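Trainee: no sequence for this one, just the structure:
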């Protein structure tokens, strides 16, 4: 290229208009601000819940561990925001217990999660601030590690199964943290990932929906609820939503519309909205019982319908009776349980819940805590079914379409790879916990087949 040609090219380039980038609209700016607030709420709540609930159980989670597991590989756009937000953990000046976690997301703006020993952590509404308090030295965290042997480990099955393959990538790219297997009511296999132990709780995510169905069953057994009764939705008796039953809500067949499909209820989970305001106002667009639509708000409708029982019989009472001593059901900041997702539990506690279902609501002591036939009720499809590899009963998934898996198998599924699998005909309970990154999965059907085959050998 000669000098004349180069000069002409330079002149033409200078005259070519540069594509303009439109400034963000007002709505886009608001959305970006809201996303930062949600990300801060997500981070504050997970740091608070993971650390405080672990310490409640007599074990430890470090912030670094929570950042590595719970706070990595999460959904966009929160994933890119969470890592950059600074946080602080406030502890009691006397006991050293976690009191609150604050995460700054803007100039003078922070999201705050508050901890109470009985109900875990609750994210506060956007704009909430802690009162000023005098600086005081925070004592070191004093964790009393339990040396008590878990009764489950004193009751070992004759047959043992090696579950190590769950940690190798054989069943997908999901990150496994714990696996526990029970056979004929006895411990048959278990393995923990690095940094996870018998008393390390994790968020159950939507496994909580199956826990919620069990709590409804407990209320029915006590004579305090009826699944065929109205869930109490709607303004009054003239409101068509009043016709929605607890059963229809458990089966994801309320017929209500919601702006977000499935399990995306970020305003409630991380934004500081309450169960009462989030769950109640969605309109009816289908006849109740005619259309399946997976929705957090349906489970919340079912549990709000038995809210009147929680004053005398809170979830903690039921967990204690079942032996789930390392499980906490968390609430919104108004004290309503978020039983669609926000339960923290250990693998062994979830195995105990699975065994309770397998035994149709009868504890090892012989005491019945669920109605006779409750297993059949939750595992019987009624009405519309999901267009998926799995069926749906009343708060429990059905693995009745999974090749090589007994058709009576039921399961609780949760985000990021939480599973309880109950196989009544084989007397097997399988629990897999994980922190799968977005876009990765764990093939629970294949893992179930392999565990069952190993127990046959």
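Mentor: All right, it came through fine. Bear in mind the structure is a predicted one, so any value in this text is a computation, not a measurement.
Trainee: any idea how far residue 415 is from residue 454?
Mentor: Between residue 415 and residue 454 the distance is 27 Å, computed by CB to CB, to the nearest Å. C-betas here are computed from N, CA, C, even on glycine.
Trainee: same deal with residue 108?
Mentor: Distance from residue 108 to residue 454, counting by CB to CB: 57 Å.
Trainee: Give me the more crowded residue out of those two.
Mentor: Remark: of residue 108 and residue 454, residue 454 carries more neighbours, 17 against 6, as counted by other CB atoms under 10 Å.
Trainee: From what I see, the more buried one and residue 161 are in contact.
Mentor: Yes. Counting by CB atoms under 8 Å, a contact exists between residue 454 and residue 161, whose distance comes to 4.5 Å.
Trainee: what comes up buried for the longest helix seen in the chain?
Mentor: With secondary structure taken from DSSP state H, the chain has its longest helix at helix 26-56. For helix 26-56, the neighbour count (16 or more other CB atoms under 10 Å) marks 35-56 as buried.
Trainee: Could you point out the helix or strand that follows that helix?
Mentor: The element immediately downstream of helix 26-56 (helix or strand, assigned by DSSP states H and E) is helix 63-68.
Trainee: Please enumerate the helices of the stretch 51-200 of the chain.
Mentor: Taking DSSP state H, counting those that start in this stretch as the test, the helices found in the stretch 51-200 of the chain are 63-68, 78-82.
Trainee: need the ones you listed in CSV with mean neighbour count and mean pLDDT, can you?
Mentor: What follows is those, written out as CSV (neighbours: other CB atoms under 10 Å; pLDDT from 0 to 100):
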stretch, mean neighbour count, mean pLDDT
helix 63-68, 16, 98
helix 78-82, 18, 97
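Trainee: can you list the ones you listed in a markdown table and add distance to residue 150?
Mentor: Supplementary listing: these in a markdown table, determined by distance: least, CB to CB, whole Å:
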| stretch | distance to residue 150 |
| --- | --- |
| helix 63-68 | 22 |
| helix 78-82 | 34 |
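Trainee: so which of the ones you listed gets nearest residue 344?
Mentor: Nearest to residue 344 among those is helix 63-68; the distance by CB to CB comes to 12.3 Å.
Trainee: Test for you: state the pLDDT assigned to residue 15.
Mentor: Among the per-residue scores, residue 15 shows a pLDDT of 59.
Trainee: before we move on, what about residue 397?
Mentor: As predicted, residue 397 sits at a pLDDT of 99.
Trainee: so who does it touch?
Mentor: Residue 397 makes contacts with 390, 391, 410, 411, 412, 413, as judged by CB atoms under 8 Å, 6 or more residues apart in numbering.
Trainee: Is it bridged to anything, and to what?
Mentor: For residue 397, the residues forming beta bridges with it (DSSP bridges) are residue 392, residue 411.
Trainee: Can you give me the distance of it to residue 370?
Mentor: Distance of residue 397 to residue 370, computed by CB to CB: 18 Å.
Trainee: got it, and residue 270?
Mentor: Here the distance between residue 270 and residue 370 works out to 32 Å (CB to CB).
Trainee: Counting neighbours, go ahead and name the busier of these two.
Mentor: Looking at residue 270 and residue 370 with other CB under 10 Å, you find the greater number of neighbours at residue 370, namely 26 against 23.
Trainee: residue ranges with poor pLDDT in the protein?
Mentor: Within the chain, the segments meeting pLDDT under 70 span 1-19, 133-147, 260-263.
Trainee: Break it into its domains for me.
Mentor: The chain breaks down by automatic domain parsing into domains covering 27-123, 151-456.
Trainee: And the first one, end to end?
Mentor: Across domain 27-123, the straight-line distance between its terminal residues is 25 Å, by CA to CA, to the nearest Å.
Trainee: can you offset everything so residue one is 35?
Mentor: Will do, 35 is the new start, and the previous item becomes domain 61-157.
Trainee: now that domain, how far from the centre of its chain.
Mentor: Relative to the chain's own centre, domain 61-157 is displaced by 16 Å; criterion: CA atoms, centre = their mean, to the nearest Å.
Trainee: likewise the longest one?
Mentor: Between the mean C-alpha point of domain 185-490 and the mean C-alpha point of its chain there is a distance of 9 Å (CA atoms, centre = their mean).
Trainee: Identify the residues contacting residue 204.
Mentor: Residues touching residue 204, when contacts are defined by CB under 8 Å, 6+ apart, are absent altogether.
Trainee: On the three-state scheme, the closest residue to residue 268 other than its chain neighbours is what?
Mentor: Of all residues not flanking residue 268 in the chain, residue 275 sits nearest, at 3.6 Å (CB to CB, 6 or more residues apart in numbering). When classified by DSSP: H, G, I helix; E, B strand; the rest coil, residue 275 comes out as helix.
Trainee: give the contact list for residue 275.
Mentor: The contact partners of residue 275, by CB under 8 Å, 6+ apart, come to 267, 268, 290, 317, 318.
Trainee: cool, and residue 155?
Mentor: Residue 155 sits next to 79, 82, 83, 86, 87, 132, 135, 147, 148, 149, 364 when contact means CB under 8 Å, 6+ apart.
Trainee: Next, count neighbours for residue 194.
Mentor: Count around residue 194 with other CB under 10 Å applied: 15.
Trainee: from what I can see it touches residue 225, true?
Mentor: No. With contact defined as CB under 8 Å, residue 194 does not count as touching residue 225 (11.6 Å).
Trainee: host element of residue 436?
Mentor: Secondary-structure element containing residue 436, defined by DSSP H and E: none, the residue being outside all helices and strands.
Trainee: Am I right that it is in contact with residue 425?
Mentor: No. Here residue 436 lies out of contact with residue 425, judged by CB under 8 Å, at a distance of 9.9 Å.
Trainee: ends of stretch 257-273, how far apart?
Mentor: End-to-end distance for stretch 257-273: 26 Å, by CA to CA.
Trainee: Give me the spatial nearest neighbour of residue 477, chain neighbours excluded.
Mentor: Residue 477 sits nearest to residue 205 (CB to CB, 6+ apart), 4.3 Å away.
Trainee: Give me the neighbour count for that neighbour.
Mentor: Using other CB under 10 Å, residue 205 has 21 other residues around it.
Trainee: do residue 471 as well
Mentor: A count of neighbours around residue 471, defined by other CB under 10 Å, yields 15.
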